[in-house]
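K.L.:
kindly return the folded structure for what I paste below:
(chains A, B, C and D)
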Protein chains: 4
Amino acid sequence: MSQIKLGMVGGGQGAFIGSVHRIAARLDGHYKLVAGALSSNLETSKASALELGIKQDRSYSTFKEMAEKESSLEDGIEAVAIVTPNHLHFPIAGCFLSKGIHVICDKPLTHNLEDANKFVKAVEDSKALFALTHNYTGYPMVRQAREICRSGKIGKVRVIQVEYPQDWLTTPLENATDSPGNKQASWRTNPSKAGAGGCIGDIGSHAFNLADFITGAELDELCADLSSFIPGRKNDDNAHVLLRYKNNIKGMLWSSQVAPGNENALKIRVYGDKGGLEWEQENPNYLTLDLYGSAKQTIRRSGFGTMDIANRVSRIPPGHPEGYLEGFANLYSDFAEQINAKKANRDPDPSSMLVPNINDGMKGIKFISTVVESSSKGGQWLKF
Amino acid sequence: MSQIKLGMVGGGQGAFIGSVHRIAARLDGHYKLVAGALSSNLETSKASALELGIKQDRSYSTFKEMAEKESSLEDGIEAVAIVTPNHLHFPIAGCFLSKGIHVICDKPLTHNLEDANKFVKAVEDSKALFALTHNYTGYPMVRQAREICRSGKIGKVRVIQVEYPQDWLTTPLENATDSPGNKQASWRTNPSKAGAGGCIGDIGSHAFNLADFITGAELDELCADLSSFIPGRKNDDNAHVLLRYKNNIKGMLWSSQVAPGNENALKIRVYGDKGGLEWEQENPNYLTLDLYGSAKQTIRRSGFGTMDIANRVSRIPPGHPEGYLEGFANLYSDFAEQINAKKANRDPDPSSMLVPNINDGMKGIKFISTVVESSSKGGQWLKF
Amino acid sequence: MSQIKLGMVGGGQGAFIGSVHRIAARLDGHYKLVAGALSSNLETSKASALELGIKQDRSYSTFKEMAEKESSLEDGIEAVAIVTPNHLHFPIAGCFLSKGIHVICDKPLTHNLEDANKFVKAVEDSKALFALTHNYTGYPMVRQAREICRSGKIGKVRVIQVEYPQDWLTTPLENATDSPGNKQASWRTNPSKAGAGGCIGDIGSHAFNLADFITGAELDELCADLSSFIPGRKNDDNAHVLLRYKNNIKGMLWSSQVAPGNENALKIRVYGDKGGLEWEQENPNYLTLDLYGSAKQTIRRSGFGTMDIANRVSRIPPGHPEGYLEGFANLYSDFAEQINAKKANRDPDPSSMLVPNINDGMKGIKFISTVVESSSKGGQWLKF
Amino acid sequence: MSQIKLGMVGGGQGAFIGSVHRIAARLDGHYKLVAGALSSNLETSKASALELGIKQDRSYSTFKEMAEKESSLEDGIEAVAIVTPNHLHFPIAGCFLSKGIHVICDKPLTHNLEDANKFVKAVEDSKALFALTHNYTGYPMVRQAREICRSGKIGKVRVIQVEYPQDWLTTPLENATDSPGNKQASWRTNPSKAGAGGCIGDIGSHAFNLADFITGAELDELCADLSSFIPGRKNDDNAHVLLRYKNNIKGMLWSSQVAPGNENALKIRVYGDKGGLEWEQENPNYLTLDLYGSAKQTIRRSGFGTMDIANRVSRIPPGHPEGYLEGFANLYSDFAEQINAKKANRDPDPSSMLVPNINDGMKGIKFISTVVESSSKGGQWLKF
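P.N.:
Here you go, the predicted structure:
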């Protein structure tokens, strides 16, 4: 096993998701972080690199310089993780993709539809691979839920209820310059960096993706009502969406960042004509399955009743909780399998292809953009 | 303490809600059931009366006969409980109200708006009192939630999420003539008996009422998407509704009778700018309160942190669960207080006035009817 | 259906368990409270009778007078509920039993072994029936647990873990004369009224009874360590007990009244060689069943997977929680069936015989007394 | 930041805890695994090393060879992780300690008291550092529980309830040679490898350590009843223990490996005269705090109400669950801080000293040995 040489753009000191990506990359030992353009601030960038054991000559001040130099080194990076605000995703990814460097990009894909379209083309045109970190798809019990749904165990799907409430924007944190959360809040509520979707883009897109991943239901039309409860906040901080999927499936999606008491309460429930299932991100090792006519079942990660697709991405026995970082790491490790298979000129493990790809990214941007348009038209039903 | 003499219309053998009303009436000892027109089927009616200890000469074949005779007896009934299908509520209630007999009516008020309007007038014109059994308002912790909301403890309300999923109509139970549930399913899915709302009328109206009771938010407009997933079922069995309340409050309501694994899972969450609260009917002795900035609190019925308004309707110490029947009985006992106060020509305990009344009933019918209209127009936003 | 005429000794204003017994008697309509000696304090007694609708001439100042008079009336009471402190149970019960009046007695049976022995004889010598309100045996899911255990579904039982923590004696409430809880605390911590067991007698005996009821395991020996954490408190407020049952079953029992955060947290877990089950009193409508090798099952009262023995004592559909009072009422209603069968000279429904009887009472007193002796000998193992 | 060079003894393919140690070492990036004697089987050892990216010349066939060679290399390992069966812990650790190589040893310390005594001396005599992976002490909310207890927030501690049930030895897995669990079961039920304690040594020692870590209560005497429910199984698979701590604290400890439905259900509850707290390993991001007189509080990792001591070992925001591996990694990272401080000749962060040390290890062995002796004497109370 030789480790994949990884670079990172963004994720300097004070960032949140960058450190998550680094842990995810390290956890199973498939990657080695060797280069970075960690911050637009040079001092932060250097300090961050030092702290992370990245050599000074591979700590870059711009992503362009990094792409240029690394692609010319014999032991240059093979993959790059992009953990910047949304509006930078495409410019950066496009640059690395064009050099044949694999890209792991944080979600959502971009801040607007225009960039998303270019992004699709850039991936198509590149021989490099692409992964989008809709990380909740990495949880073993989410994969089990997908398998249960798609195998018909709960019958023909009728109703999908998905929600993703948080509370960290209950107050105008973006103005609280003395708080460590201010930096996160600031760009996420800024349309020019985050895109036209606030809460719906940041977390609503995760909720939509999760429903898609598990059920495979194809969205047909939607009706949305976005709110921004903080005076002066330009982007939405609460989103209510009705969904009509093809094949007579109805759905409801709620995402909020102003719901006190909810920290990261992503939850999905799917109901078919033979049963229902339920999964909650804050208690991710358990999946509830109700086959109509039987007692409620709680399936425990790695425990009795789990499927291969879930066990493959579990590390430890039932009762030993795995969490957010392990789920995230599963995407990294699956993507490593894709990279290693490509290097070895062999087919990857089919399950490793569950990592969200450019199509999922495009779907997400279309979702955000349709929601925003529907809401801006007073909550009109729009085709997806 | 002398017991209030009570009659009942409907609720013969095989019915569900009739026996609930009887237990609710008995539990605190305020009522004595002495007369009934328990079934349109004469045999069932007689057998039921016998079983309930109602004397044969006070077991009637029609409600009209009952109203007539009882109002002429010196010790005739003072109040009547109406537990028939919806379309009979008004004809029966109107008859008893006109005789000055207090009415306790099951929800929803009627099966259509026309009857509802007449109902309002009949109550106004009568000197008798009226109560509508939106029974979930009787739970102590629901009353505490109301008080918390209305006292401003969670600040200015922003978002209301209410849901009421069940699963008993997952299959076409209305056609399963060999099942005990068939009778219930049959009239509830029949528009001529239940009204134009199926699930939205049967339980969605409870959800709407609960949000109203707790928050006092005034509905401004709504957008609804109703479904009927069983071929041949005329009324909806799943309802998705977006709500816009006055004063910039947004809401979402889901009710379903085809959600396997949900038995009677009414749940409400209210979020304000200072905190949030959550209550679930299946675990009714607990109320979760999150004041933004503090650890999550779980307030236990009769326990530390409960308010007078909740303790007044609690019977036993914390940790000794009270349930659905006790909550239902609270409405009966509060209504008894109203009746006894009227008899004694004194003001009733103000808290006893929390029992849903004719206005709440009217609001519910308007809600059902607006939802049905919105959905039939393809999910159009309509003013309430 | 004619109602059983009931009297009550104890349970005047300010008492706790008396009102529980009254609700339990009323709930299913099988009893009518017509006489009482409700308090040793004459004023309280009269006021309580008035409040309860007991006629003044059937409100007695002593139980002896009541037994005397009622047994001479044509429509005198058929049964009496005894809800006094423990030391009075036998004197009162003995008196009514000797008159042929059925007795429903609160637990534990008596305050000492001597009285318990006499009690057994008194029941044997009487033609009247006897019931002891170990009320937790009335819960539907407890009965289902019993059936599951005894049917061998979880295999040969190996381990029983039972606990009953409360917190209401965390502070010296018995000295807080200004608190409403003082009256309860006062006699329960007083050996001359409660007996030598404090917490072990008041609630530990419930825990022991529950294990016995569900598993039928026969206790062989035990080792106990009692504590009293409040200076001056004579009886134990925390009890730790190791249990060795016959047939190689091991058990552990904890009861406490000084465990902050626990209100009435009776819980039992039983493990066999094929599976385990778990039930908690504060969430009584659910029973967890783990068949080794399968996913965890949650069986819901009246829901899928319930047995006749549980459904027989359920009133309402799943998802509509029943609680403490309904469980208590099940004992009253089962005892009514015993009484009515006797009156009708027929066999009672066999399930109605699940009501705890004099043998269960005797076992409980023996348990308390063995625990107290073991602890007083420094935690010595003693034969049961 | 330069990474600490780490070796490993044991943990070859098919082992459980070895891979946990490796992830824990990798997660925060403080260690680099460079050498190993991964299995007593040469083939397994080589294959495991290859898989882990350990160079062939640093994959050793015996720990002695490894200690010899590595201590002579300029870039030899600085620390070694010992993840073998218990009886090998001391021989291996002693060897590395004598070479000045830091030791991270899995629990329990040894398989008997004799080795434990030698172990203490070996650590004292070495200039190297020692850590014992009682990993549950690494959970942030366990550290918060410790701080809450020790700060007096719940008052004077009275009662400690700790339990650790599992179910994986419900059947004679040690005989099921075709099962992957057989290897684990086999040595853990074998006294010559595991020591005289089975379940009490494997997990009971964790439970005892957790109570010790959180409360600091000093054990005074105990009474134990061990069972072995599987015919032919020599070591206990269920342990019931009563505890008397100094300063009038009473405790109860249950550990079991034959409790179906329990996977790794370590749970501790501590009750003082001002409040109680509760923590469960299977839901480790939450801590329940009941201050007597207030509503129940649920404190969420990284959320409102958490303390520095907990936040220091948290990586991600509340609602993003961390689990077993992160808790384990906290011990590795704290030990890295101890090592790095020693290298830099500075004082380590005081919180890093929370990692269990040789004294904790010794206490654990004494506990196991006293429990076994008490049980073998029929459940006699013995001084600790």
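K.L.:
contacts only, for the residue nearest the centre of chain A.
P.N.:
Centroid-nearest residue in chain A: residue A:134, 2.0 Å away (criterion: C-alpha atoms, centre = their mean). By C-beta atoms under 8 Å, 6 or more residues apart in numbering or on different chains, the contact set of residue A:134 is A:107, A:205-206, A:209-210, A:213, A:356, A:360, A:364. The way it works is simple: take the backbone N, C-alpha and C, and place the C-beta from them, glycine included.
K.L.:
using a markdown table, lay out those together with secondary structure, distance to chain D and pLDDT.
P.N.:
Shown next, in a markdown table, are these (DSSP: H, G, I helix; E, B strand; the rest coil; distance: C-beta to the nearest C-beta, whole Å; pLDDT from 0 to 100):
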| residue | secondary structure | distance to chain D | pLDDT |
| --- | --- | --- | --- |
| A:107 | coil | 15 | 97 |
| A:205 | helix | 17 | 98 |
| A:206 | helix | 12 | 98 |
| A:209 | helix | 17 | 98 |
| A:210 | helix | 15 | 98 |
| A:213 | helix | 19 | 98 |
| A:356 | coil | 18 | 98 |
| A:360 | helix | 21 | 98 |
| A:364 | helix | 20 | 98 |
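K.L.:
quick one: which of those is nearest to residue C:114?
P.N.:
Taking C-beta to C-beta as the measure, residue A:210 is the one of the contacts of residue A:134 closest to residue C:114, at 67.3 Å.
K.L.:
chain neighbours aside, what residue packs nearest to residue A:268?
P.N.:
residue A:162 (4.6 Å; C-beta to C-beta, 6 or more residues apart in numbering or on different chains).
K.L.:
just give the number of residues close to residue A:156.
P.N.:
Counted by other C-beta atoms under 10 Å in any protein chain shown, the residues lying close to residue A:156 total 12.
K.L.:
sorry, back to before: just the buried ones among the contacts of residue A:134, please.
P.N.:
Buried residues within these, counting neighbours by 16 or more other C-beta atoms under 10 Å in any protein chain shown: A:107, A:205-206, A:209-210, A:213, A:356, A:360, A:364.
K.L.:
would you mind measuring from the residue nearest to the centre of chain A to chain C?
P.N.:
Counting by C-beta to the nearest C-beta, to the nearest Å, the separation of residue A:134 from chain C is 27 Å.
K.L.:
and that residue, how close does it get to chain B?
P.N.:
Remark: distance between residue A:134 and chain B (C-beta to the nearest C-beta) = 23 Å.
K.L.:
coming back round to it: next helix or strand past the helix or strand harbouring the residue nearest to residue A:268?
P.N.:
Assigned by DSSP states H and E, residue A:162 falls within strand A:157-165. Counting by DSSP H and E, the next helix or strand C-terminal to strand A:157-165 is helix A:182-188.
K.L.:
which residue does the stretch 51-200 of chain A have closest to chain D?
P.N.:
Nearest residue of the stretch 51-200 of chain A to chain D (C-beta to the nearest C-beta) works out as residue A:53 at 5.2 Å.
K.L.:
for the nearest residue to residue A:127 once chain neighbours are set aside, list the residues it contacts.
P.N.:
With sequence-adjacent residues excluded and distances taken as C-beta to C-beta, 6+ apart, residue A:127 is closest to residue A:100, at 5.7 Å. Neighbour list for residue A:100: A:71, A:126-128 [criterion: C-beta under 8 Å, 6+ apart].
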